[in-house]
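Chemist: Everything below, folded, please.
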Amino acid sequence: MSRSAHSALAPKSCSLLVAWVLLIGTPGVSLADPDHWVIDEDHFSVTFMVSHAGFAQQFGMFLEAEGAFYYDEQADELHSGEVTIRSDSVFTDHEERDGHVRNEDFLHVDAYPEMHFRATEYDAAGGVLRGEFTLLGTTREIELDVSINRIDESPFDSGGLFSDPPRVLGASLRGTIHRSEYGMTYALEDELVGDEVQIMLEFEAHRQD
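Modeler: Residues are numbered from 1 along each chain as shown. The predicted structure is shown next:
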């Protein structure tokens, strides 16, 4: 190869090398694939709170839910995530009320057996998760405040002979929806049951190695 050819290629080669060094040395830039995390169903609480005629807040929870997400721990980047909640698993510690919440006045579980959340954007600096929430066949954008409480090896599982303890991520999420936006309008007149529903999620997720 002639000297002129070497001279023509050298600037391009140097530029590519510099770009590569800058890329791997820039904080927040991750070249690795994000890890797959699965929420531990034994440590997953999905609860809600709604006003009962203005006298008090009625608490409830859903006993069956599952979820998973792809998250890069080093870059603090969420690439995708989904949660599915079984509507008929609602529990308010009152059998008659639970039956009413399951019928067509509220969750209409025969027609809509599941609720679903799909993450679309995670603002790590602001601690906000945005996504699409589907209830009663209607999908709307919602925001959840997120606190990642701890990421560490599990203190309860030492692993096996040839494996390390599982890595666990624990998080708390809070948000609010208006049920009328999903077509759930029963008892809104005179505000016998509030329109605003506060949502609270607590979970521990295991990294899949």
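Chemist: List the residues that contact the closest residue to residue 86 other than its chain neighbours.
Modeler: Nearest residue to residue 86, sequence neighbours excluded (CB to CB, 6 or more residues apart in numbering): residue 64, at 3.9 Å. Just so you know, the C-beta spots here come from the backbone N, C-alpha and C atoms, and that holds for glycine as well. Each residue near residue 64 by CB atoms under 8 Å, 6 or more residues apart in numbering is listed here: 85, 86, 89.
Chemist: Flag the helix or strand of this structure with the lowest per-element mean pLDDT.
Modeler: helix 3-25 (a mean of 42; mean pLDDT, DSSP states H and E).
Chemist: what is the mean pLDDT for the following helix or strand past that one?
Modeler: The first helix or strand that comes after helix 3-25 along the chain, using DSSP states H and E, is strand 35-52. Strand 35-52 shows a mean pLDDT of 98.
Chemist: other SSEs contacting strand 35-52?
Modeler: strand 56-62, strand 65-72, strand 193-207 (3 or more CB pairs under 8 Å, 6 or more residues apart in numbering; DSSP states H and E).
Chemist: Pull up the pairing partners for the second one, direction included.
Modeler: The strands beside strand 65-72 in its sheet (DSSP bridges) come out as strand 35-52 (antiparallel), strand 77-86 (antiparallel).
Chemist: Show me which residues of the longest one are buried.
Modeler: So that's strand 35-52. For strand 35-52, a neighbour-count test (16 or more other CB atoms under 10 Å) marks 35, 36, 37, 39, 40, 44, 46, 48, 50, 51 as buried.
Chemist: Rebuild these as CSV, extending it with distance to residue 96.
Modeler: Shown next, in CSV, are those (distance: CB to CB, whole Å):
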residue, distance to residue 96
35, 44
36, 42
37, 38
39, 31
40, 32
44, 27
46, 22
48, 18
50, 17
51, 19
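Chemist: hey, what's the closest residue to residue 179 other than its chain neighbours bridged with?
Modeler: Using CB to CB, 6+ apart and skipping residues adjacent in sequence, the residue nearest residue 179 is residue 197, 5.5 Å away. In this structure, residue 197 bridges to residue 50, residue 177 when assessed by DSSP bridges.
Chemist: and residue 197, how many neighbours?
Modeler: 19 (other CB atoms under 10 Å).
Chemist: That one reaches residue 47, doesn't it?
Modeler: No. At 10.7 Å, residue 197 does not count as touching residue 47 under the criterion of CB atoms under 8 Å.
Chemist: need the contact list for the nearest residue to residue 176 once chain neighbours are set aside.
Modeler: Nearest residue to residue 176, sequence neighbours excluded (CB to CB, 6+ apart): residue 198, at 5.3 Å. Going by CB under 8 Å, 6+ apart, residue 198 touches 48, 49, 50, 174, 175, 176.
Chemist: and what of residue 116?
Modeler: Counting by CB under 8 Å, 6+ apart, residue 116 has contacts 82, 83, 84, 85, 133, 134.
Chemist: Please list only the buried members of those.
Modeler: 83, 85, 133, 134.
Chemist: need those residues in JSON lines with distance to residue 95 and pLDDT, can you?
Modeler: Shown next, in JSON lines, are the buried ones among the contacts of residue 116 (distance: CB to CB, whole Å; pLDDT from 0 to 100):
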{"residue": "83", "distance to residue 95": "26", "pLDDT": "98"}
{"residue": "85", "distance to residue 95": "20", "pLDDT": "98"}
{"residue": "133", "distance to residue 95": "27", "pLDDT": "98"}
{"residue": "134", "distance to residue 95": "27", "pLDDT": "98"}
